[in-house]
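J.: Here is the input, now give the coordinates:
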Amino acid sequence: MSPLMTSRSYLLVEMIAIYVGVPALVYLWPPQSLFPLLWVLALICSIMLLKEKDFKREELWVFNPVVSYQLLAIQAAITFILAALLLSLLAPELLFSLVKNDPLLWLAVMLLYPLLSVYPQELIYRSFFFHRYRTLIPHPLLMAGLNALLFGYMHIIFHNWIALLLTTLGGLYFAILYQRSHSLLFVSAVHALYGNLLFTLGLGQYFYHGSIETIAGTFRI
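T.: The predicted structure is shown next:
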C-alpha cells in the first residue's frame, strides 16, 4: 500500500467517506436492497485488510470468546427481559409480532441474518475499522466510542431514533469485545445473538428495510 494511502490525512478522509458519506447517501437515496451494497463494501474492506502485511488473518475466522458463556447468557437474558417489559408497556402490539404473524419468516431471519448481514457488518465496522484507523486514535476507549457512534450513525438509513439508540449502545459493547478478543467470528456471534433477540421480541420493524424485508422478498416466505 502506497505511503499516501497510509497518511493520517488520507486515512481521515477515507474514514469519513466510508462511515459518514456512504450512510448519508443511502439515507438520501435508499436502494431497493441494502445487502448488495453491504457485501460489496465488505469485499473491498476484506481485500484491503488482506493486503496489510501486519494484519493477522486468523482474526477473521478464529473464535476467541473473552467472556464466559454463562455471563453472555445472563447478559442476554437480562436484556431480553427488560426489553420485553419496556415493549409491553410502550407498544404491546409489537411484542413477538414476527413470531406470531409469520413464524417461517422469523425462522429464516434467525438463520440468514447472521450470515447475510452480521458478519459483513462486523468485518467493516470492527476488523477493518480497528486495524485501518488505529493510528488516528491510539486511545482504546476513545476508539471504541467513535466506533460505536459511527455504527449507530449508520442506522440513520432506517429513519428512526430507536434504531440509532439501540445500535449505538450495542456498537459500544461489540467494539469493546473486539478490542479484547480480536476475533471477528466471536463478535459476530454476539452481534447475531442480540440481533435475533431483537427480531424475536418484535423490534424488527425498526430495522425492517435492511433485514426482514429483503429476506422475505428474496426467499419468498
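J.: Surely Leu34 touches Val26?
T.: Yes: using Cβ atoms under 8 Å, Leu34 is in contact with Val26, at 7.1 Å. C-beta here means a position set from N, CA and C on the backbone, and glycine is covered the same way.
J.: can you list the weak-confidence ranges in this protein?
T.: Applying pLDDT under 70 to the chain picks out residues 1-4, 208-221.
J.: Find the residue at the geometric middle of it.
T.: Nearest residue to the geometric centre of the chain (Cα atoms, centre = their mean): Gln121, 4.6 Å.
J.: Pretty sure it sits against Leu41.
T.: No: between Gln121 and Leu41 there is no contact under Cβ under 8 Å: 9.6 Å.
J.: residues touching Gly145, list them.
T.: Counting by Cβ atoms under 8 Å, 6 or more residues apart in numbering, Gly145 touches Leu172.
J.: Helix or strand for it, just tell me which one.
T.: For Gly145, the element it lies in under DSSP states H and E is helix 140-154.
J.: State the distance from Phe151 to Tyr10.
T.: For Phe151, the distance to Tyr10 equals 22 Å [Cβ to Cβ, to the nearest Å].
J.: Restricting to C-alpha, output stretch 53-61 in CSV.
T.: What follows is stretch 53-61, C-alpha atoms only, in CSV (Å, rounded to 0.1, in the frame of the first residue of the first chain):
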residue,chain,number,x,y,z
LYS,A,53,1.2,-7.1,6.0
ASP,A,54,0.7,-6.6,9.7
PHE,A,55,-2.9,-7.8,9.8
LYS,A,56,-3.3,-11.2,11.4
ARG,A,57,-5.6,-13.0,9.0
GLU,A,58,-6.7,-15.5,11.6
GLU,A,59,-8.7,-12.7,13.3
LEU,A,60,-11.3,-13.3,10.5
TRP,A,61,-12.0,-16.9,11.5
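J.: Tell me the buried residues in it?
T.: The neighbour-count check on stretch 53-61 (16 or more other Cβ atoms under 10 Å) flags Phe55, Glu59, Leu60 as buried.
J.: Which neighbours do Leu34 and Val26 have in common?
T.: Going by Cβ under 8 Å, 6+ apart, residues that sit against Leu34 and also against Val26 are Ile157.
J.: just to revisit the earlier point, quick one: the helix holding Gly145 to chain centroid distance?
T.: In this view, helix 140-154 has its centroid 12 Å away from the chain centroid, taken as Cα atoms, centre = their mean, to the nearest Å.
J.: Same check on stretch 16-29?
T.: The chain centroid and the centroid of stretch 16-29 are separated by 16 Å, computed with Cα atoms, centre = their mean.
J.: List the neighbours of the host helix or strand of Ala77 that are in contact with it.
T.: Here Ala77 sits within helix 69-90, counting by DSSP H and E. With contact meaning Cβ under 8 Å, 6+ apart, helix 69-90 is reached by Pro65, Leu94, Leu95, Val190, Leu193, Tyr194, Leu197, Leu198, Leu201, Gly202, Leu203.
J.: now, among these, which is nearest to Arg134?
T.: Nearest to Arg134 among the contacts of helix 69-90: Val190, at 21.5 Å, using Cβ to Cβ.
J.: Please enumerate the helices of the chain.
T.: Using DSSP state H, the helices of the chain run over 8-16, 22-28, 35-51, 69-90, 97-101, 103-113, 119-122, 129-132, 140-154, 161-181, 184-201, 212-219.
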